[in-house]
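Student: With the sequence up front, the predicted model follows.
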Amino acid sequence: MREVIGSGRCTVPPATLRETQTASDTPCPSWCLRHEDADIGRPDAFRVHRGAIRFCGDISVQLERTQQLSDGAWEPAVVLLDGRDLDLRVARALSSTLAQVLDEAGQ
């Protein structure tokens, strides 16, 4: 079941709990609902932090950020738009472009 946000056209699923962290783990970002470790045991192991999946119609949007486990270094956050990675600059530009198109349409 999805919780309705705003006008009822965009929705977000109910919040899920993060996986349990150990004391040695770097804290998750405040928006992280779930994280997954990948390539454990390899020097390039990493953790992917994911926020809530939001839906506008059938389009999904989610925030994601990757952290290297070897040194704790963070990659820049990305917005997943239907599974496609958009850096934050492109996501902001898309938001602005959508607003302009709606203004032109009189919406």
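Tutor: Yes, it's here. Just so it is clear, the model here is predicted, and its values are computed rather than measured.
Student: Quick check: residue 89 is in a strand.
Tutor: No - looking at residue 89 with DSSP: H, G, I helix; E, B strand; the rest coil, it is helix, so not inside a strand.
Student: Quick check, pLDDT for it.
Tutor: Predicted confidence (pLDDT) for residue 89: 96.
Student: what about it, neighbour count?
Tutor: 9 (other Cβ atoms under 10 Å). In short, each C-beta sits where N, CA and C put it, glycine included.
Student: separation between it and residue 76?
Tutor: 9 Å (Cβ to Cβ, to the nearest Å).
Student: same thing with residue 96?
Tutor: For residue 96, the distance to residue 76 - Cβ to Cβ - is 19 Å.
Student: what's the answer for residue 60, then?
Tutor: 20 Å.
Student: The two: which has the busier surroundings?
Tutor: More crowded of residue 60 and residue 76, by other Cβ under 10 Å: residue 60, with 13 against 9.
Student: Assign that one to helix, strand or coil.
Tutor: From three-state DSSP, the assignment for residue 60 is strand.
Student: Show me the beta-bridge partners of it.
Tutor: residue 55 (DSSP bridges).
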